[in-house]
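In: model the following, please.
(chains A and B)
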There are 2 protein chains.
Amino acid sequence: MKLATLRDRSPDGQLVVVSRDLRRAVRATGIAENLRMALESWDQSEARLRELSEALDSGGAEGAFEFAGASIGPPLPRAWQWLDGSAFHSHGELMERAFKHAPIEGKLTRPLMYQGGSDDFLGPWEDMPLPSEGDGIDFEAEIAVIVDRVPMGTPAAEALGHVKLVMLANDASLRSLAIVEMKTGFGWIHAKPATSFSPVAVTPDELGPAWRDGRLCLPVQVSWNGRKFGHPDAGAMGFGFHELIAHAAYSRNLSAGTIIGSGTVSNPDYRVVGSACIAERRAIEIADEGRPITEYMRFGDRVRIEMFDAAGHTIFGAIDQKIVLKSAPPARSSNHA
Amino acid sequence: MKLATLRDRSPDGQLVVVSRDLRRAVRATGIAENLRMALESWDQSEARLRELSEALDSGGAEGAFEFAGASIGPPLPRAWQWLDGSAFHSHGELMERAFKHAPIEGKLTRPLMYQGGSDDFLGPWEDMPLPSEGDGIDFEAEIAVIVDRVPMGTPAAEALGHVKLVMLANDASLRSLAIVEMKTGFGWIHAKPATSFSPVAVTPDELGPAWRDGRLCLPVQVSWNGRKFGHPDAGAMGFGFHELIAHAAYSRNLSAGTIIGSGTVSNPDYRVVGSACIAERRAIEIADEGRPITEYMRFGDRVRIEMFDAAGHTIFGAIDQKIVLKSAPPARSSNHA
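Out: Residues are numbered from 1 along each chain as shown, chains lettered A, B, ... in the order given. This is a model prediction of the structure:
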């Protein structure tokens, strides 16, 4: 089953079921107002959504419309929590080289994870507004899963059953600010603007044998301004999603609708498969040429992130978005100040 | 105006208006289902809530009931974002001593801030379930504000108008895990369990002249198992809330209902006024006696956090809560694993 959210005037948008080939969609009217609420009552909503999905795929869903023409937001326009791991070890090694920081203690035995803003996500084709080109604007192609409620203390062995949906993410980073914030130990606020997600989120059964051992074992295709940039395999996670979820739930309950991310997809043979973020390429240039050559993104630049199944069909649709200068905040009357 | 939330079966609870003396409350039925929704339409809801508040304080609110007897949750049981600063410089200095870490670069010119879990807050008298006494369980008495929507790039000079409500917080920390996570640079996941908040959140006008320069200039009273522990002045913030809000909004929009925290209240004359967390007292013991003497909290321990106005009346009611061992997560059937 594939699900998406159309932008409307509500902050959570409107839930739609999308056909496997991403051509048609139908509103989930009467089942759940939005995906956030569907996840909060997944035991009731899942079966009804699957019925609608089957009807749509067999051509029998009333009110179906063309999906590509719709105003597509992220599957969850806002979520209660966004916890992003850094589960690809080759990414971590390259970041140490790019930013000249010491290896992180325990990184191979204990997942790295930060909490990001989750109240204002971007859709796959929506512009990404940012304050300055000088901040080192980078894309990061990732895999993300959405869980139902995970009680505190859930062990990894029981965590995968909580994964309800899988999607792609562009967890953009402002690299010039990231290293400053990282040194504080407090994690990232400035360096992590709004994350964007693929057009659809899919149930794990849609992934077939590519979904195994808590990993999505397929390459993620990344291009920048129309040029291929990298296609590392997302199956190379040093920790599976079950381990990331258990890590996240050690001392907190995770509400239904929590999103857990893989961190930037990266493979040890990065010279062959390329990278899923610019900072990695710069690290490789530092190793090979003594200095970084590739510049970060400029306003107007586009990044495209997509994944294809074994038969060559797009699974999630593409994230394809432009980086833009944010607009000035509206002036407020002085009695507010 | 003072607002609170009663626990019901809904995750957001039920909004009530509370009398200035905290004795009586009345449901905000017909105005807003819950505080989260009231904040999302504050321009409409505020005036109507204030009318109800005036009726309650003058004895004319129909359906008023005794507040103390109610099942009081946190004012916002869940929020879209919880960004906690560390704005008291003497706290930072003591933490460096307690955990033997190097001074954080730029800490006097740039606010420190982390993002915490915001989907599962605790009420003022609710038990705080935690995984282990061995994790170094500490309380942290803080001031927190709730803002309406803050657009990306809002400057500090315009930020205070966004503060709609003020409350107290117990931002509990697991100190043995905090330093491990801090060293990763990714911020805290394990070390920051659910935060709890005071019985009521109040509009800034309730604070009178104590609310000035983006600070709440009154001492916070902290006791541990019935013994006074500290009463540092919350006005000693090195950065005001306007600066914390502007910092938070550099590269992201803050949704209505975002909570911004001050960090642990702390004063430079900590030997006179005491502290608002155990780790500070341990740091002082290290300085004075060469080693920490005070142990962290045990299951069954209670912490009480309160603030009084100049006339000696409680402003927010007291956080008064017990630390308990979490219950085991419910077993899941094996087909989920």
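
In: show me the contacts for A:Gly235.
Out: By Cβ atoms under 8 Å, 6 or more residues apart in numbering or on different chains, the contact set of A:Gly235 is A:210, A:212, A:215-218. Glycine gets a C-beta too; all of them are placed from N, C-alpha and C.

In: with pLDDT as extra columns, can I get these in JSON lines?
Out: Formatted as JSON lines, the contacts of A:Gly235 follow (pLDDT from 0 to 100):
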{"residue": "A:Ala210", "pLDDT": "98"}
{"residue": "A:Arg212", "pLDDT": "98"}
{"residue": "A:Arg215", "pLDDT": "98"}
{"residue": "A:Leu216", "pLDDT": "98"}
{"residue": "A:Cys217", "pLDDT": "98"}
{"residue": "A:Leu218", "pLDDT": "98"}
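
In: out of the residues you listed, who's near chain B?
Out: The subset of those within reach of chain B, by Cβ under 8 Å from any Cβ of the partner chain, is empty.

In: A:Thr258 - how many residues pack around it?
Out: A:Thr258 has 28 neighbouring residues, counting by other Cβ atoms under 10 Å in any protein chain shown.

In: contacting residues around the nearest residue to it once chain neighbours are set aside?
Out: Nearest residue to A:Thr258, sequence neighbours excluded (Cβ to Cβ, 6 or more residues apart in numbering or on different chains): A:Gln81, at 4.3 Å. Residues counted as contacts of A:Gln81 (Cβ under 8 Å, 6+ apart) are A:115, A:118, A:254-255, A:257-259, B:117-119.

In: out of the residues you listed, which end up buried?
Out: A:115, A:118, A:254-255, A:257-259, B:117-119 (16 or more other Cβ atoms under 10 Å in any protein chain shown).

In: picking up where we left off before, ok, the contacts of A:Gln81 vs B:Leu108, which is closest?
Out: The closest of the contacts of A:Gln81 to B:Leu108 turns out to be A:Gln115 (Cβ to Cβ; 25.2 Å).

In: what does that closest one show for phi and psi?
Out: Main-chain dihedrals, A:Gln115, degrees, to the nearest 10: phi -100, psi 130.

In: nearest residue to it in space, please, no chain neighbours.
Out: B:Gln115 (4.5 Å).

In: find me the pLDDT at the one you found, would you?
Out: Note on B:Gln115: pLDDT of 98.

In: bridged to it, which residues?
Out: Beta-bridge partners for B:Gln115, by DSSP bridges, are B:Leu83.

In: pretty sure it sits against A:Gly187.
Out: Yes. In terms of Cβ atoms under 8 Å, B:Gln115 counts as a neighbour of A:Gly187; the distance is 6.5 Å.

In: measure the closest residue in space to A:Asp148 that isn't next to it in sequence to B:Gln115 for me?
Out: Distances taken as Cβ to Cβ, 6+ apart put A:Ala256 closest to A:Asp148, at 4.6 Å, once the chain neighbours are dropped. Counting by Cβ to Cβ, to the nearest Å, the gap from A:Ala256 to B:Gln115 is 20 Å.

In: do A:Ala249 as well
Out: 17 Å.

In: with A:Arg291 instead?
Out: 34 Å.

In: do the same with A:Met167
Out: A:Met167 sits 21 Å away from B:Gln115, going by Cβ to Cβ.

In: try A:Ala144
Out: 17 Å.

In: same question, A:Trp125
Out: As for A:Trp125, its distance to B:Gln115 is 27 Å (criterion: Cβ to Cβ).

In: neighbours around A:Arg271, how many?
Out: Neighbours of A:Arg271 using other Cβ under 10 Å come to 11.

In: excluding chain neighbours, what is closest to it?
Out: A:Ile284 (6.8 Å).

In: now the host helix or strand of the one you found: mean pLDDT?
Out: According to DSSP states H and E, A:Ile284 maps onto helix A:278-289. Helix A:278-289 carries an average pLDDT of 96.

In: next structured bit after that helix?
Out: In N-to-C order, the element after helix A:278-289 by DSSP H and E is strand A:302-307.

In: which residues are contacting whatever helix or strand comes next after that next one?
Out: The first helix or strand that comes after strand A:302-307 along the chain, using DSSP H and E, is strand A:319-325. With contact meaning Cβ under 8 Å, 6+ apart, strand A:319-325 is reached by A:122, A:124-131, A:133, A:137, A:168-170, A:172, A:196-199, A:297-306.

In: check stretch A:282-297 too.
Out: Contacts of stretch A:282-297 (Cβ under 8 Å, 6+ apart): A:94-95, A:97-98, A:133, A:136-139, A:175, A:224, A:270-271, A:275, A:278, A:281, A:303, A:323.

In: just the buried residues of those.
Out: Buried, going by 16+ other Cβ under 10 Å: A:94-95, A:98, A:133, A:136-139, A:175, A:224, A:270, A:275, A:278, A:281, A:303, A:323, out of these.

In: show me these that map onto strands.
Out: Taking DSSP state E as the definition of strands, these contribute A:137-138, A:224, A:303, A:323.

In: tabulate those in JSON lines, adding columns for pLDDT.
Out: Shown next, in JSON lines, are these (pLDDT from 0 to 100):
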{"residue": "A:Ile137", "pLDDT": "98"}
{"residue": "A:Asp138", "pLDDT": "98"}
{"residue": "A:Trp224", "pLDDT": "98"}
{"residue": "A:Val303", "pLDDT": "98"}
{"residue": "A:Ile323", "pLDDT": "98"}
